[in-house]
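Asker: prediction below, plus the sequence it came from.
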Amino acid sequence: QVQLVESGGGLVQAGGSLRLSCAASGSIISINAMSWYRQAPGKQRELVAAITSGGSTNYVDSVKGRFTISRDNAKNTVYLQMNSLKPEDTAVYYCNADVRASIYRGFGDYWGQGTQVTVSS
């Protein structure tokens, strides 16, 4: 069993910063990509940023230059540093990881429970 636990969400004023963390635990053989998604009320969940096990990253255009994704492979943890936050960044942020949890199975998709980020104007 694999668990992803997010932390670091909260309420911040526009222009402020937050840092999200997501730690994977449980039966983990290896982890490929780790990602952050977000879902605002009434909108579809969207990919915000992703990072491979080798450190290659990609971002949705709306956060480029403001958000930075990073990971600590030794701790099975991914981070999202969010700067210059805007009210339109308000959403529930979800962590996602592509995890191999058993030598008898391939990689599977795992999700965290989500953490609320609210940016006030």
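Answerer: Structure received. This structure is a prediction, so every number in the text was calculated from the model and none was measured.

Asker: which residues does residue 36 bridge with?
Answerer: Using DSSP bridges, the bridge partners assigned to residue 36 are residue 49, residue 95.

Asker: can you pull the contacts of the residue lying closest to residue 76 once chain neighbours are set aside?
Answerer: Nearest in space to residue 76, with sequence neighbours left out and distances taken as C-beta to C-beta, 6 or more residues apart in numbering, is residue 24 at 4.2 Å. Glycine gets a C-beta too; all of them are placed from N, C-alpha and C. Shown in contact with residue 24 (C-beta atoms under 8 Å, 6 or more residues apart in numbering): 2-4, 31, 34, 76-77, 97, 99, 110.

Asker: same check on residue 77?
Answerer: Taking C-beta under 8 Å, 6+ apart, we find residue 77 in contact with 21-24, 71.

Asker: which of those residues fall within strands?
Answerer: Among those, the members falling in strands (DSSP state E) are 21-24, 71.

Asker: report the buried members of these.
Answerer: Neighbour counting with 16 or more other C-beta atoms under 10 Å marks 21-24, 71 as buried within the ones in strands among the contacts of residue 77.

Asker: would you map the strands across the protein?
Answerer: Under DSSP E, the chain gives strands at 2-7, 10-13, 18-26, 30-39, 46-51, 57-59, 67-72, 77-82, 91-100, 107-111, 115-120.

Asker: I'd like these as TSV, with mean pLDDT appended.
Answerer: TSV is the format used below for the strands of the chain (pLDDT from 0 to 100):
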stretch	mean pLDDT
strand 2-7	96
strand 10-13	98
strand 18-26	97
strand 30-39	97
strand 46-51	98
strand 57-59	98
strand 67-72	98
strand 77-82	98
strand 91-100	97
strand 107-111	95
strand 115-120	98
